[in-house]
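Novice: Structure for this input, please:
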Amino acid sequence: MPTPVPAPSSRFARWDDLAWEAVNPLFDRQYVHGSECMLARIRLRRGCIVPEHRHENEQITYVLEGALKFQIEGRERVVRAGETLVIPPGVPHAAEALEDTLDLDIFAPPRQDWIQKQDAYLR
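Specialist: Presented below is the predicted three-dimensional model:
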């Protein structure tokens, strides 16, 4: 008879209880993750540049406040409050905060480079 695999434990988090990680002077983040996905709340100050990069993770960006200008697939796309952008795995992209912006990013699988603080392109 196979050994039963324990079910993952649920976890609860409150954004107000999570410390903001100051990645650089214009980019702060908080995140929670399970084994299959990550939810990040990101604060970008106007003028913040996220340099072109790519990752194995699928990314869904939902802008809560502000606006981000993405360079993706050879074109420019502005994503404003209430709008969403889906970025497939491996697709190069960059972003610029056109104004102070708060967004939620979902990554699947979780961004191991963030968890292990190996995201030098942001620092």
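
Novice: Next up, the contacts around residue 19.
Specialist: Residues near residue 19 by C-beta atoms under 8 Å, 6 or more residues apart in numbering: residue 30. The C-beta positions use only the backbone N, C-alpha and C, and glycine is treated the same way.

Novice: likewise residue 104?
Specialist: For residue 104, the contact set (C-beta under 8 Å, 6+ apart) comprises 39, 40, 41, 42, 61, 62, 64.

Novice: cool, and residue 94?
Specialist: Shown in contact with residue 94 (C-beta under 8 Å, 6+ apart): 49, 50, 51, 52, 53, 70, 71, 72.

Novice: name the element it belongs to?
Specialist: Per DSSP states H and E, residue 94 falls inside strand 93-97.

Novice: That strand: how far from the chain's middle?
Specialist: A distance of 12 Å separates the centroid of the chain from that of strand 93-97, by C-alpha atoms, centre = their mean, to the nearest Å.
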